[in-house]
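**Q** I'd like to go over a predicted model; first the sequence, then the structure.
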Amino acid sequence: MALILVLAALTVLTVMLTEIQDESSAEFGSALSARDALVAEYAAKSAVNLSRLLIAAEPTIRRSLTLVFALVGGPRQIPVWAYADRILGAFNDSDGATSFASLAGVDPKLGKNLGLKGAGFRLDIIDEDSKINFNVAARGDAFSQTRLASQIIGLIGPPQYSPLFEGRDADESYSDRRAICSAIIDWVDPDQDTALCDPTSTTAQQAAAEDSFYQLLKQPYKRKNAAFDSLEELHRVRGVSDDFWATFIDPNPDVPDKRIVTVWGQGAVNVNTANPQTLLAIVCQASNNLALMCTDANEAQKFIMAMTMLRSFMPGLPVFKNAQEFVSALQQTNQAANAPGTPAATPGLGGGGNPIQMIMKAMQIPPVPIVSAAETAKMVTTESKVFSIYATGYVRSGKRETSVRIHAVVDFRGAPSPQQLIADMLQRLTPGGAGQATPPTAGSAQNPNGSSTPPPGIPSVLKPGPGGNVVYYRVD
């Protein structure tokens, strides 16, 4: 009996000790994860702030390459954000420092206060102005809605995507191309009229009232009639199924650069940084889907291949100086010859020697029948101002890695350069000096109140700084 009681007591104590040990190990592991997650989050925040500084310094870098740009027809925006992960490697962990050393030929160990100890970050900066902006229709004018309708139809119009619009949606309804295009525009525009997604129509059409599609669902909700706040909100729009999302919105979530559309940005598409599929949508928009590549899948594939080859031949180098060069390249005309008084084009970069023209001719791609060259030039740009920063901070401890991802969208429109900010600060610190700035006049754009001091309250907060304004911020 004594032996049985001792064995029973030992069994109970073993179970209790094992449970206490498991609870202690779980709590200890949870505390370590919370600690590492906090360190990883601040590593990601550091990457975001460093990225904003790098983008803000791009105009200064551009000015330092004036002699280089003189050989190619003039200054152009340098996509420094595409190499941010390597450029900022000096402030990263040992892996980042090695990448920076291979890029710059400088050993970061020779510097002071560089690098992160016990943490690191991975960085991707995406140009939002290189994508089709669905929030353009939120401006409320008919021109913006028509332009967005042309871009959406140009994006989803090619015949190879027809099977996506032939079946039932998750809500057991049918949505063709025009229905989905109208639904996207009606979600963001402020009016109550149905958008007419028919870019090929040249006659005036009367728009009916927006339907009550969302009110007839099993779980009804209202149309927003305001701009999208995030990409995820597109899931609430009629016809935006998982297949539609994976084809046109975000084909590869792990590679954000492959994303085709955006809800941030200026509205005009940067043709120097847009991916080939986005350029195809712009071409179809500019030609009202009359270009052969907009109706023939083989011709579309040839155009996408030509744009991919162009990027591989000229990595990191902006091809077009302005929007007019892009239009002339699609029409395969010599812009320099058509503009009197302009200098001769540099072979291989401008005018008739534009690489896109040479590749299109080599692949037997016919000129694009652009309906209006002037309107097309207004729809594209060669200067980006809005960027998405995907920063992933991580802490490695043995085989375990704790990571936190931050997605920040930064708008640099109207942002002063760091040099300009420093000059303004020095002027304020030396009142009455020779370099003192003249106070803004009454009613000026700098100070609408007419005061020599910055306006107080909300206007002073919304005034952009050198690092731009953060318009979207998410921590995962």
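**A** Yep, it's here.
**Q** ok, how many other residues are close to residue 294?
**A** By other CB atoms under 10 Å, 23 other residues sit near residue 294. Placement of C-beta: from N, CA and C, glycine included.
**Q** what do you get for residue 5?
**A** Neighbour count for residue 5, taken as other CB under 10 Å: 9.
**Q** can I get the CA coordinates of stretch 256-276 in PDB?
**A** Extracted in PDB, the C-alpha atoms of stretch 256-276 (Å, rounded to 0.1, in the frame of the first residue of the first chain):
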ATOM      1  CA  PRO A 256       4.100  44.300 -54.700                       C
ATOM      2  CA  ASP A 257       5.800  45.700 -57.800                       C
ATOM      3  CA  LYS A 258       3.600  43.400 -59.900                       C
ATOM      4  CA  ARG A 259       0.500  45.200 -58.700                       C
ATOM      5  CA  ILE A 260      -1.300  46.900 -61.600                       C
ATOM      6  CA  VAL A 261      -3.800  49.300 -59.900                       C
ATOM      7  CA  THR A 262      -3.700  51.600 -57.000                       C
ATOM      8  CA  VAL A 263      -6.000  53.800 -54.900                       C
ATOM      9  CA  TRP A 264      -3.200  56.400 -54.300                       C
ATOM     10  CA  GLY A 265      -1.200  58.500 -56.600                       C
ATOM     11  CA  GLN A 266      -1.500  61.600 -58.800                       C
ATOM     12  CA  GLY A 267      -3.700  60.000 -61.400                       C
ATOM     13  CA  ALA A 268      -1.300  60.300 -64.300                       C
ATOM     14  CA  VAL A 269       0.700  57.100 -65.000                       C
ATOM     15  CA  ASN A 270       4.500  57.300 -65.000                       C
ATOM     16  CA  VAL A 271       5.500  55.600 -68.200                       C
ATOM     17  CA  ASN A 272       9.100  55.200 -67.200                       C
ATOM     18  CA  THR A 273       8.200  53.000 -64.200                       C
ATOM     19  CA  ALA A 274       4.900  51.300 -65.200                       C
ATOM     20  CA  ASN A 275       5.000  47.600 -65.800                       C
ATOM     21  CA  PRO A 276       4.300  46.200 -69.400                       C
END
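**Q** contacts for the helix or strand residue 283 falls within next, please.
**A** If you go by DSSP states H and E, residue 283 is part of helix 276-286. The set of residues external to helix 276-286 that reach it, using CB atoms under 8 Å, 6 or more residues apart in numbering, is 130-132, 147, 150-151, 153-155, 157-158, 199, 260, 269, 271, 274, 291, 293-294, 300, 303-305, 307-308, 311, 327, 330, 368, 370-372, 376, 379-380.
**Q** buried ones among those?
**A** Listed as buried from the contacts of helix 276-286 are 130-132, 147, 150-151, 153-155, 157-158, 199, 260, 269, 271, 274, 291, 293-294, 300, 303-304, 307, 327, 330, 368, 370, 376, 379-380; burial here means 16 or more other CB atoms under 10 Å.
**Q** which members of these occur in strands, if any?
**A** 132, 269, 380 (DSSP state E).
**Q** need the pLDDT of the last one.
**A** At residue 380, the predicted lDDT confidence score is 90.
**Q** contacts only, for it.
**A** 268, 269, 270, 271, 282, 323, 326 are the contacts of residue 380 under CB under 8 Å, 6+ apart.
**Q** then residue 84?
**A** Applying CB under 8 Å, 6+ apart to residue 84 gives the contacts 51, 54, 123, 125.
**Q** and the top helix by length along the chain, what does it pack against?
**A** Across the chain, the helix with the greatest residue count (assigned by DSSP state H) is helix 2-56. In terms of contacts (3 or more CB pairs under 8 Å, 6 or more residues apart in numbering; DSSP states H and E), helix 2-56 is packed against helix 84-87, strand 120-127, strand 386-397, strand 400-411.
**Q** point out the most buried one among those.
**A** Among these, strand 120-127 has the highest mean neighbour count (mean count of other CB atoms under 10 Å), at a mean of 23.
**Q** for the contacts of residue 84, could you give me a markdown table that also reports pLDDT?
**A** Output for the contacts of residue 84, formatted as a markdown table (pLDDT from 0 to 100):
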| residue | pLDDT |
| --- | --- |
| 51 | 95 |
| 54 | 93 |
| 123 | 93 |
| 125 | 95 |
